[in-house]
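Participant: The following block contains a protein sequence and its predicted model.
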Amino acid sequence: MTAINGSSSARSASVANTTTLSPAEATNAWQTELNNDVTERGKLPTDSWQYLNPERTAAYKAKVSEDMTRFLKQNPNATEAEIKKAANESIKKHSTHEVLGKMEFEYFLKKMTSRSQELSQDMWK
């Protein structure tokens, strides 16, 4: 009897994971993951290397939205777990890209400022 109950609950759990979501539910699933990531990044201090300003946040949100729209068109019967997994992969990819872009830009600005100071000092010698 225990085996029957165990397999029954396992069966109901697997049915819950394989139910087809409506388009609104599917969209809500990945948007929840994205909003959670944006909220967590918003809690970071602005001098943190992982902090993204509003422009960079909007850029990666748009890219994740494109990825997830494409994913849902290609996988209309995706489960909530599959949607969340795809969303998290896209979020990691695009947020990392924006963080690296920010770091590259900040490094470039430091180099330009440093070089500008060197040139102005040389000019007045």
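Facilitator: Yep, it's here.

Participant: Which strands and helices lie in contact with the longest helix along the chain?
Facilitator: Ordering each helix of the chain by length in residues (DSSP state H) puts helix 80-123 first. Contacts defined by 3 or more CB pairs under 8 Å, 6 or more residues apart in numbering; DSSP states H and E place helix 80-123 against helix 23-42, helix 54-74. For glycine as for every other residue, the C-beta is placed from the backbone atoms N, C-alpha and C.

Participant: what about that helix, average pLDDT?
Facilitator: Averaged over helix 80-123, pLDDT sits at 90.

Participant: Please find the angle between the direction vectors of that helix and helix 23-42.
Facilitator: With axes from the mean of the first three to the mean of the last three CA atoms, to 10 degrees applied, the angle from helix 80-123 to helix 23-42 works out at 40 degrees.

Participant: Return the distance of helix 80-123 from the chain's centre.
Facilitator: Distance of helix 80-123 from the chain centroid (CA atoms, centre = their mean, to the nearest Å) equals 15 Å.

Participant: coming back round to it: averaging pLDDT over each of the helices and strands packed on helix 80-123, which comes out lowest?
Facilitator: Taking the mean pLDDT of the helices and strands packed on helix 80-123, helix 23-42 comes last: a mean of 89.

Participant: Name the residues that touch that helix?
Facilitator: 21, 50-52, 57, 61, 64-65, 68, 72, 78, 80, 83-84, 86-88, 91, 95 (CB atoms under 8 Å, 6 or more residues apart in numbering).
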